[in-house]
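> Got a predicted structure plus its sequence, pasted below:
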Amino acid sequence: MKVYITRKLPEIAEKHLKANKLDVSSFKYDRAISKKELIKNAKDADALITLLSDKIDKEIIDNLPKCKVIANYAVGYNNIDTVYAKSKNIVVTNTPDILTDSTADLAMAILLTCSRRIIEGETYVRAGKFDGWKPNLLLGYEFRNKTFGIIGAGRIGQATAVRAKAFGMKIIYYNRSQKENFEKEQNAKKVSLNQLLKTSDFISVHLPLTPQTFHLLNKENLKLLKKNAIIINTARGEVVDENELIKLLKTNKIYAAGFDVYENEPAINKELLKLKNVLVLPHIGSATIEARNAMAKLVADNVISVLKHKKGVTPV
Ligand code: NAP
Ligand code: GLV
Ligand code: GLV
């Protein structure tokens, strides 16, 4: 049976698939595959391995007549029309858990970078401006005793909260379901979204992108943020109305924002790049050697499991 991979992955993926006697091929260029190329190259595939940047819509699915599984190399799967795939008896799988710690680590790194003005400091030293210790040089905010608001207390949201708790922060969260163990273990308190935005010093977004979460943070509720607030997003850009957030940053209505994801990825709003109180990263939440190798193994396990047993290891 044939497996098509839309871009080269850590080699463990192909090795594992081939060891299971599958005929594997991947897109041969080091760039994103186009829709036309994908349809042409994957037309006789029994399994398709996709990236979060591949938009798998009805047209593509209609052109995969033999496909039994679409295995996404990501935990988020908003890039795939899962309802239509299901109607065609295609199993969709993702890569949960194994990238949770890496993504939570990055969220804390972004928050520290914003609160301690790390990029400004780095730029200053490289520009040859460091001429000695100063009482007022690059003052930021400390973590201890601050309120940390988690929007979306799932795997990554909770893992980020554990880290914030270790830094001495008080944890509040907004989520559709109550997380009782999380509340007990981290002394976390469930609040409404407005309450969270009004009272948090640091806010970290960890919701999946769905029709319900699109622009959940918008013109009306972003106004509730405190003047010293730092908001970071390592989930999906579309959860926050980026233009409205930029307006607040431009007029210093909040302290800073950190972005790993964007509304129109990979395009970046030019206004963002002009702002000093913003940190911009290229969607690297899960970009550790450990997480990417584990994702490569899991994506292959999902393909093998569906082709052999008609069931994914981690179906969505
Ligand atoms: P998860 O465990 O499924 O957590 C998502 C949380 O959001 C759950 O607690 C869920 O509540 C809650 N939720 C979903 N829809 C909601 C709604 N409409 N209102 C309120 N709460 C809602 O997912 P995860 O593994 O933590 O990953 C979260 C997201 O992070 C992924 O979907 C992905 O987009 C993003 N991500 C980004 C990177 C990166 O590179 N920057 C890396 C990994 C993941 P319930 O428990 O009640 O369902
Ligand atoms: C990364 O953004 C993922 O969803 O795994
Ligand atoms: C700073 O370097 C200090 O010693 O306080």
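Structure received. Numbers count the residues shown, from 1 in each chain. Ligands and ions are numbered 1, 2, ... in the order given.

> in the stretch 51-200 of the chain, which spans are strands?
69-72, 91-93, 147-151, 170-174, 189-190 (DSSP state E, counting those that start in this stretch).

> residue ranges with poor pLDDT in the stretch 201-316 of the chain?
Within the stretch 201-316 of the chain, no range satisfies pLDDT under 70.

> N94 versus the residue of it found nearest ligand 1, what's the distance?
The nearest approach of the stretch 201-316 of the chain to ligand 1 comes at G285, 2.4 Å away (CB to the nearest ligand atom). Any C-beta I mention is one placed from the backbone N, CA and C, and that applies to glycine too. Remark: distance between G285 and N94 (CB to CB, to the nearest Å) = 14 Å.

> and the stretch 151-300 of the chain, which of its residues are near ligand 1?
Contacts of the stretch 151-300 of the chain with ligand 1, taken as CB under 6 Å from any ligand atom, map to 152-157, 175-177, 206-210, 212-213, 234-236, 260-261, 283, 285-286.

> Show me which of those are buried.
The neighbour-count test (16 or more other CB atoms under 10 Å) applied to those identifies 152-157, 175, 206-209, 213, 234-236, 260-261, 283, 285-286 as buried.

> what's the domain layout of this structure?
Residue ranges of the domains in the chain are recorded as 2-96+289-309, 100-280, according to automatic domain parsing.

> Compare these and give me the one nearest V316.
domain 2-96+289-309 (5.0 Å; CB to CB).

> is any part of that closest one close to ligand 2?
Yes. For a cut-off given as CB under 6 Å from any ligand atom, domain 2-96+289-309 has contacts with ligand 2, namely 52, 74-76.

> Which of those residues ranks first by neighbour count?
Looking at these with neighbours defined as other CB atoms under 10 Å, the largest count falls to V75 at 23 neighbours.

> what's the helix or strand for the most centrally placed residue in the chain?
With distances taken as CA atoms, centre = their mean, the chain has A235 as the residue nearest its mean C-alpha position (3.6 Å). Remark: A235 resides in no helix or strand, with elements defined by DSSP states H and E.

> Also S286?
Counting by DSSP H and E, there is no helix or strand that carries S286.

> Check for me that G258 belongs to a helix.
No. In this structure, G258 is strand, not part of a helix, as judged by DSSP: H, G, I helix; E, B strand; the rest coil.

> The residue in the stretch 101-250 of the chain that ligand 1 sits nearest to and K308, how far apart?
Closest approach of the stretch 101-250 of the chain to ligand 1 (CB to the nearest ligand atom) occurs at G154, with a separation of 1.7 Å. Distance of G154 to K308, given as CB to CB: 29 Å.

> Where does the spatially closest residue to A300 that is not a sequence neighbour sit: helix, strand or coil?
Of all residues not flanking A300 in the chain, H16 sits nearest, at 4.1 Å (CB to CB, 6 or more residues apart in numbering). Using three-state DSSP as the criterion, the local structure at H16 reads helix.
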